[in-house]
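[1] Mind folding the following:
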Amino acid sequence: MLRRLALRDFVIVPALELEFHAGFSVLTGETGAGKSILVDALQLALGSRGDAGVVREGAPRTEISAEFDLPPSLAAWLDEAGFSADDGALLLRRTIDAQGKSRAWINGSPATVAQLREAADHLVDIHGQHAWQGLTRPAAVRALLDAQAGVDTTELAARFAARSAAADALERARERRDEIERDRERLAWQLSDLDQLAPAEGEWDALDAEHRRLAHAQALIAAVQAALEALNESEVNAEGLVAQALARLDDMATHDARLTPMLESLQGAVVQLQDAAHGLSAYLDHAELDPQRLAEVDARMSAWMTLARRHRRPPAELPQLQAQWRQELAALEAATDTAALEQALDAADRRYRDEAARVSAARRQAAGPLAAAVTQAMQGLGMAGGRFEVALEPLAKPQAQGLEAVEFLVAGHAGSTPRPLAKVASGGELSRLALAITVTAVRERGSAGTLIFDEIDAGIGGAVGDTVGALMKQLGSTRQVLAVTHLAQVAACADQHYVVSKSQTRQGSAAGATASQVQLAQGEARVVEIARMLGGERMVDTSLAHAQAMLSQSPSAPKPPSRPRSKA
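    Next up is the predicted model:
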């Protein structure tokens, strides 16, 4: 439920803060007073698009805050997104500056506009004065029925996309069969060269290292032998010299402790020299000249180089090239296997039709109750004897949204045959039907805690207005309902009545600027506003009495005010 709405420097509103309550509330006022401005501001707080045009002239920025009771469906989402929810409230705040830059917060933490919109889905359901236009669009009509049926067509659309992809693959295979076969043969011939070589991953680097070792075997053996002699085999060798140094310093270290670290270093050097000599000796034990192996490695590397030049790739990349061509060949062979492609299409088609049948059944099950409920609502909306039907017409070809088109049919009076709504309904009838459908849909399937009707009763009057007010009053018994209305009959049914007015500023630098205000109308003020809605500015006793009579059903009905004097 919406608790509070606060605006600052929004269009023609300098500053405004409204407290809202449960039940049915209306906003009324003269044409141009700014009734729908409040709805526009709330939509911005809920993440709708906005620009610098919403900033009041002369102000640096506009600021909008909307506080809601936290619905249970949003608690987990807030926690995952890192927003606090300690007191069971949800505060959405948004600013837009004079350059059009927008910022948003949720419970005091920075948020994105997309996150505002995501939260809005759980909070508010807004129905505008042009809701009837959706009744003439096939996609909107289908979406409305699907909402009533609890149908989500996401899986159906995914299966249709898979079915379409399988059909396209089969068609391409049939059209490009010869071309694909030529590509397959060419790739198979190229791959045969690589398969014959069978290059292993990392083999080229290993061959290169082994070739360098075998090619320089004589020089390697000579160098190792010379190093070994210098370490410990010649008359004057490194190990012996270090041993002499140790012997000279060993006795002296007892006289000067500062020599001890050097002695330890020399002792370590002796150990390292011995290890090095042992390793060099082992190397010589296994080192030998192997011209036959050198020839084998040389021939193998030559084969690698030949294929690398032929295919214009570095030798080390031949294994990756082989794997790539194998994948491409497998794809071409699959693309020419029309039997397998036909089986894939059949399987995809079966999966699609299974899901489409489930969706169709749910739509058929929901169509009857929806038609009956709307027909019942029509009887009190100036269309007595009228009938509403939901027609499901099979499509010539399967579509992403199913196997049938959804169309609304209406008979405006008893005895007439239902026909497509857009062809037989007038503008006024469309508005009333939109209201009947909206109220029915919200009552049966709506989930948002706050419902807003922005002049959805346009084009309605007389006794029909009483029914509209009663419908909204009924909705307000289970949800918070806010309605912007011009009908006195609707306003008289409200639990709370807010009056929007505008005036010109008389003081300060903004003198002469237009400003909009909102006040809660109670007692005599409410009677006067209802009377204005009935008879205009020049109220007479009859309009005041009529207003009092309309409000008299309320337990706390106000007393009628005295008739205001007319201005000369």
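[2] can you list the residues that contact the longest strand along the chain?
    Among the segments of the chain that qualify as a strand by DSSP state E, the longest is strand 387-399. Strand 387-399 is contacted by residues 145, 160, 163, 352-353, 356, 360, 363-364, 367-368, 370-371, 374-375, 378, 402-411, 418, 433, 436 when judged by C-beta atoms under 8 Å, 6 or more residues apart in numbering. Yep, even glycine has a C-beta here, placed from its N, CA and C like the rest.
[3] can you rerun that using 7 Å?
    The contact list for strand 387-399 (C-beta atoms under 7 Å, 6 or more residues apart in numbering) reads 145, 160, 352, 356, 363-364, 367, 370-371, 374-375, 378, 403-411, 418.
[4] remind me which residues of the stretch 51-200 of the chain are low pLDDT?
    Applying pLDDT under 70 to the stretch 51-200 of the chain flags the ranges 86, 129-134, 175, 178-179.
[5] who does Ile64 bridge with?
    On the basis of DSSP bridges, Ile64 is bridged to Leu7, Arg94.
[6] In the stretch 301-450 of the chain, what residue spans correspond to strands?
    Taking DSSP state E, counting those that start in this stretch, the strands of the stretch 301-450 of the chain run over residues 387-399, 402-411, 419-420, 450-454.
[7] Tell me which of those strands lies nearest to Glu118.
    With C-beta to C-beta as the measure, strand 450-454 is the member of the strands of the stretch 301-450 of the chain nearest Glu118 (16.3 Å).
[8] I'd like to know which elements that closest one is packed against.
    Applying 3 or more C-beta pairs under 7 Å, 6 or more residues apart in numbering; DSSP states H and E, one finds that strand 450-454 makes contact with helix 35-45, strand 124-127, strand 480-484.
[9] Need the contact partners of the shortest one.
    Outside of strand 124-127, the residues within contact range by C-beta under 7 Å, 6+ apart are 39, 43, 46, 438, 442, 446, 448, 450-454, 456.
[10] try 6 Å
    Under the contact criterion C-beta atoms under 6 Å, 6 or more residues apart in numbering, strand 124-127 has outside partners Thr438, Gly446, Ala448, Thr450, Leu451, Ile452, Phe453, Ile456.
[11] Helix or strand next in line after it, which one?
    helix 138-149 (DSSP states H and E).
[12] The lengthiest helix in the chain versus helix 138-149: what angle between them?
    As assigned by DSSP state H, the longest helix anywhere in the chain is helix 338-379. Angle of helix 338-379 versus helix 138-149, following axes from the mean of the first three to the mean of the last three C-alpha atoms, to 10 degrees, is 80 degrees.
[13] quick check: domain ranges of this protein?
    Recorded structural domains for the chain (assignment: automatic domain parsing) are 1-123+448-519, 180-335, 522-568.
[14] Could I get the ones you listed in TSV, plus columns for mean neighbour count and distance to Ala422?
    Shown next, in TSV, are the domains of the chain (neighbours: other C-beta atoms under 10 Å; distance: least, C-beta to C-beta, whole Å):
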stretch	mean neighbour count	distance to Ala422
domain 1-123+448-519	18	16
domain 180-335	14	46
domain 522-568	15	32
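[15] Go through the ones you listed and name the closest to Gly385.
    With C-beta to C-beta as the measure, domain 1-123+448-519 is the member of those nearest Gly385 (14.5 Å).
[16] Could you check how far that closest one is from the centre of its chain?
    Between the centre of domain 1-123+448-519 and the centre of its chain there are 24 Å (C-alpha atoms, centre = their mean, to the nearest Å).
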